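**Student:** okay, here's the prediction I keep looking at, along with the sequence it came from:
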Amino acid sequence: MACLGLRGGRDGRGVYFWAVAHDLPIDMTLPRADRLAQLATPLRALLEDEASGWANLANASAAVSSATGWHWVGFYLVDQAQDNLVLGPFQGPIACTRLFRGKGVCAAAWTHNQTQVVPDVHAFPGHVACSSASLSEVVLPVHNAEGDVVAVWDIDSADADDFSAAEVAALEALTAVVSSLWDSWTWSPA
Ligand code: SME
């Protein structure tokens, strides 16, 4: 199934509709954490259906972006040869192309293999300001089947302190979906 589109239905109370995030069956009237939680199953179905890692990272970014409206949602991939992070598929304004070890939130998630939740980016030593509009962010490591960090998922908000514990937990579940499928994807054409 390339696109999902549950937009309405009928029950004992009559016909009903819910708002959708594009073609993903997300109830946009729910709180943001619940919308993210709702994404896990349809996102897995969408990403399982396609072998291209590029296409899947693009759609994963679009799914979270359209479900939340966060300022920047995207991936940086580990470039092992250069020992840095290179920009991958994303939704949002143009971003830094390369991120280097020891500098910024993405590099911290990569190096420490740990989710980074930053309520105030200006208080994070060495924060890389790709966009002056980003005030808070969360960065989650993505793993292959061996457990190596192969990418990070970077989500930035234009509001300070904009990531609740429930939202971070839901994002970790979505990241686990990406990680669990990573080894089944191909990167050609590269
Ligand atoms: N926030 C990142 C830089 C990437 S951009 O924000 C898209 C960081 O400090 O690592």
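**Tutor:** Yes, it's here.
**Student:** residues near the residue in the chain that the ligand sits nearest to, how many?
**Tutor:** Distance from the ligand to each residue of the chain (C-beta to the nearest ligand atom) is smallest for G104, at 2.9 Å. C-betas here are computed from N, CA, C, even on glycine. A total of 27 residues lie near G104 under the criterion other C-beta atoms under 10 Å.
**Student:** for the closest residue to it other than its chain neighbours, give its distance to R35.
**Tutor:** For G104, ignoring the flanking residues on the chain, the nearest one in space by C-beta to C-beta, 6 or more residues apart in numbering is V128 at 3.6 Å. Per C-beta to C-beta, to the nearest Å, V128 is found 28 Å from R35.
**Student:** more neighbours: which of the two?
**Tutor:** R35 (21 against 17).
**Student:** follow-up on the earlier one: now do the contacts for the residue nearest to G104.
**Tutor:** For V128, the contacting residues are C96, L99, K103, G104, V105, C106, by C-beta atoms under 8 Å, 6 or more residues apart in numbering.
**Student:** tell me if I am right that it is in a strand.
**Tutor:** No. Read with DSSP: H, G, I helix; E, B strand; the rest coil, V128 is coil and lies in no strand.
**Student:** phi first, then psi, for it.
**Tutor:** Dihedral angles of V128 (phi, psi; degrees, to the nearest 10) stand at phi -90, psi 110.
**Student:** burial measure for Q38, as a count.
**Tutor:** Neighbours of Q38 (other C-beta under 10 Å): 19.
**Student:** can you pull the contacts of it?
**Tutor:** Contacts of Q38 (C-beta under 8 Å, 6+ apart): P25, I26, D27, L30.
**Student:** still on that earlier bit, what about the residue nearest to G104, distance to L77?
**Tutor:** Using C-beta to C-beta, V128 is found at 16 Å from L77.
**Student:** one more: L24?
**Tutor:** Distance check for L24 against L77: by C-beta to C-beta, it reads 24 Å.
**Student:** more neighbours: which of the two?
**Tutor:** L24 (23 against 18).
**Student:** pretty sure that one sits against A62.
**Tutor:** No. Counting by C-beta atoms under 8 Å, L24 does not reach A62; the two are 9.0 Å apart.
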